[in-house]
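Engineer: Structure, please.
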Amino acid sequence: MGTLILSSCNLAEFPKFLQNQTTLYYLDISANQIQGQVPEWLWSLPELQYVNISQNYFSGFEGSTDVIQRCGELIMLDISSNTFQDPFPLLPNSTTIFLGSDNRFSGEIPRTICKLVSLDTLVLSNNNFNGSIPRCFEKFNTTLSVLHLRNNNFSGTFPEESISDHLRSLDVGRNQLSGELPKSLINCTRLEFLNVEDNIINDKFPFWLRLLPNLQILVLRSNEFHGPISSLRDYLSFPKLRIFDISENRFNGVLRSDYFAGWSAMSSAIDIVDIMPSRYAGRDSGNYYNSVTMTVKGLKMELVGSVFTIYKTIDVSGNRFEGSIPESIGLLKELIVLNMSNNAFTGSIPPSISNLTDLESLDLSRNRLSGKIPPELGKLTFLAQMNFSYNMLEGPIPQGTQIQSQNSSSFAENPGLCGVPLLETCEGEEEEATKQDQDEEKDQVLSWIAAAIGYVPGVVCGLTIGHILTSYKREWFMRIFHYFT
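Structural biologist: Residues are numbered from 1 along each chain as shown. Here you go, the predicted model:
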């Protein structure tokens, strides 16, 4: 037996018959109901290389902390979504993929993990780890491509020594990291996913990220980033960027009119390799997901896994941007979500937004925008949610099923706006309504006149015919009377 897959089989106990399977090299007993500890004998199977025991109720390992090291050829170990607690296991040097997210590990990450020279993927998200991120991955490990430490209690600065040049996906969101974003990331030319949301990182906008040719996801949300994100010297071009979320920071300044001109992946439907692995897309891929929290259609939601292949979003809300919304926003024809709310944008809404034919969510609320809502927006048939409230907009709300089906709150606090769905009717609409009422009254008068005209001849005609018939009947009666007499 080389491969055994018993995933989602409602197992309540660890399969004991495996103890004699000396040729077993791939074991998957994930998504069952097995409790207790992982038996010590498992690691004595001589050919075992891939082990997935995720999504069970395991709480620990039998034996000492180095028990797993007996499995000298172990390549992948997935223990995610269990109830494992300390102590943290010591892994063999052959380990390439270790997935330990969604458990109850605490304390600091053991420095011994840095000595795993073959380690490619390390995912320890959603635990209770604290202290600092180990300062050793660059020194000891030159192959680490996935490092996910999301939703723990890590603090201190993000160490430069933790950045491997091979990084493809880095997620340290929802911790308590401070200081600046490590500039050693500039050497990570393979980096596709970068998420540092919900920390207390205090830094200027990292213009140097534009030098990363493969960057697709950039999330700086909810930190203390500050300063401008546009300059005359640094032209910002993200050819593969699909998600850009810098919301809830202290960025300011004016965005250049051509700011979005070089964002090719949002401008056209180009093929980009999916960096988000689906569950066991391959035997070596492991079971992990990239995820970010974003505001979509007015609600905060978490995008996980394959959803990333669909969404192309820009969120710059909750900052201090001024000036006009760049006209170049209309170039991003693949955009699905655009959130520029809670800033100080002025000027009119660019008509070029009507070019975003795939747009589903648009939020421009709480700015200082003036002028009219471009009537062309009424043609965006996929635009399910929009918010223009708390601006200085004026004039009629554009006609269109999607726009006029919105709640009136989407247009509130714009004293000059009028029309459906607001109660305020536009001045021209009142005149038009009055004219229509007058026309209806005229039509009613004409209808009565026409009826009267038709009624009078009818009566006259009826009386005439009646008189003729009566005269004829009298003459006919007199003839019959004279005949019999």
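Engineer: drop to CA atoms for contacts and neighbour counts, all remaining ones
Structural biologist: Will do.
Engineer: mind checking pLDDT for the residue lying closest to residue 311 once chain neighbours are set aside?
Structural biologist: In space, and not counting its chain neighbours, residue 311 is closest to residue 336: 6.3 Å by CA to CA, 6 or more residues apart in numbering. Residue 336 carries a pLDDT value of 94.
Engineer: the helices in this protein, which residues?
Structural biologist: In the chain, the helices defined using DSSP state H lie at 137-140, 264-267, 401-404, 427-484.
Engineer: quick one on the thing from earlier: show the contacting residues for the residue nearest to residue 311.
Structural biologist: By CA atoms under 8 Å, 6 or more residues apart in numbering, the contact set of residue 336 is 311, 312, 313, 356, 358, 359, 360, 361.
Engineer: In strands, which of the residues you listed appear?
Structural biologist: 313, 361 (DSSP state E).
Engineer: residue ranges with poor pLDDT in this protein?
Structural biologist: Scanning the chain with the threshold set as pLDDT under 70 gives 1, 138-142, 234, 270-289, 292, 294-309, 428-485.
Engineer: List the buried residues for stretch 20-27?
Structural biologist: Under the neighbour-count criterion of 16 or more other CA atoms under 10 Å, stretch 20-27 has 21, 24, 25, 26, 27 buried.
Engineer: any idea how far residue 47 is from the second one?
Structural biologist: Taking CA to CA, to the nearest Å as the criterion, residue 24 is separated from residue 47 by 6 Å.
Engineer: ditto for the last one
Structural biologist: The gap separating residue 27 from residue 47 is 11 Å, by CA to CA.
Engineer: what sits against the residue nearest to residue 72 when sequence neighbours are not counted?
Structural biologist: Excluding its sequence neighbours, the residue lying closest to residue 72 (CA to CA, 6+ apart) is residue 92, at 5.9 Å. Residue 92 makes contact with 68, 69, 70, 71, 72, 73, 74, 116 under the criterion CA under 8 Å, 6+ apart.
Engineer: contacting residues for the residue nearest to residue 407 when sequence neighbours are not counted?
Structural biologist: Nearest residue to residue 407, sequence neighbours excluded (CA to CA, 6+ apart): residue 421, at 6.8 Å. Applying CA under 8 Å, 6+ apart to residue 421 gives the contacts 404, 405, 406, 407, 408.
Engineer: Repeat that for residue 376.
Structural biologist: The contact partners of residue 376, taken as CA under 8 Å, 6+ apart, are 351, 354, 398.
Engineer: Same question for residue 244.
Structural biologist: With contact taken as CA under 8 Å, 6+ apart, residue 244 is in contact with 217, 218, 219, 313, 314, 315.
Engineer: which of the residues you listed has the most neighbours?
Structural biologist: Counting neighbours by other CA atoms under 10 Å, residue 313 leads those with 25 neighbours.
Engineer: mind checking how far it is from residue 213?
Structural biologist: When distance is defined by CA to CA, residue 313 is 19 Å away from residue 213.
Engineer: Next: residue 17.
Structural biologist: For residue 17, the distance to residue 213 equals 50 Å [CA to CA].
Engineer: So the two - more neighbours on which side?
Structural biologist: Just comparing residue 17 and residue 213: by other CA under 10 Å the higher neighbour count belongs to residue 213, 17 against 7.
Engineer: Nearest residue to that one in space, please, no chain neighbours.
Structural biologist: residue 189 (6.5 Å).
Engineer: Surely that neighbour touches residue 164?
Structural biologist: No - assessed by CA atoms under 8 Å, residue 189 is found out of contact with residue 164, at 10.7 Å.
Engineer: Tell me which of the two has more neighbours.
Structural biologist: Using other CA under 10 Å as the criterion, residue 189 and residue 164 rank with residue 164 on top: 24 against 17.
Engineer: thinking again about what came up before, as JSON lines, the buried residues of stretch 20-27 with distance to residue 203 would be great.
Structural biologist: Formatted as JSON lines, the buried residues of stretch 20-27 follow (distance: CA to CA, whole Å):
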{"residue": "21", "distance to residue 203": "55"}
{"residue": "24", "distance to residue 203": "51"}
{"residue": "25", "distance to residue 203": "47"}
{"residue": "26", "distance to residue 203": "45"}
{"residue": "27", "distance to residue 203": "45"}
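Engineer: Out of the residues you listed, which comes closest to residue 236?
Structural biologist: Among these, residue 26 lies closest to residue 236 (CA to CA), at 46.3 Å.
Engineer: ok, now which ones touch that closest one?
Structural biologist: Neighbouring residues of residue 26 by CA under 8 Å, 6+ apart: 2, 3, 4, 48, 49, 50, 51.
Engineer: how close does residue 61 sit to residue 111?
Structural biologist: Counting by CA to CA, the gap from residue 61 to residue 111 is 20 Å.
Engineer: Quick one: the strands in the stretch 201-350 of the chain, in order.
Structural biologist: For the stretch 201-350 of the chain, the strands defined by DSSP state E, counting those that start in this stretch occupy 217-219, 226-228, 243-245, 250-254, 291-296, 299-304, 313-315, 320-323, 337-339, 344-347.
Engineer: so what strands line up beside the first one?
Structural biologist: Meaning strand 217-219. Applying DSSP bridges, strand 217-219 is found paired with strand 193-195 (parallel), strand 243-245 (parallel).
Engineer: Next: the last one.
Structural biologist: Using DSSP bridges, the strands paired with strand 344-347 are strand 320-323 (parallel), strand 368-371 (parallel).
Engineer: hmm, who's touching that strand?
Structural biologist: Taking contacts as CA under 8 Å, 6+ apart, the residues outside strand 344-347 that touch it are 320, 321, 322, 323, 324, 325, 366, 367, 368, 369, 370, 371.
Engineer: Between these, which sits nearest residue 85?
Structural biologist: Ranked by distance to residue 85 (CA to CA), the contacts of strand 344-347 are led by residue 320 at 43.6 Å.
Engineer: need the contact list for that closest one.
Structural biologist: The contact partners of residue 320, by CA under 8 Å, 6+ apart, come to 250, 251, 252, 253, 342, 343, 344.
Engineer: For the spatially closest residue to the second one that is not a sequence neighbour, give the beta-bridge partners.
Structural biologist: Nearest in space to residue 251, with sequence neighbours left out and distances taken as CA to CA, 6+ apart, is residue 226 at 4.3 Å. Partner residues in beta bridges with residue 226: residue 204, residue 250, with DSSP bridges as the criterion.
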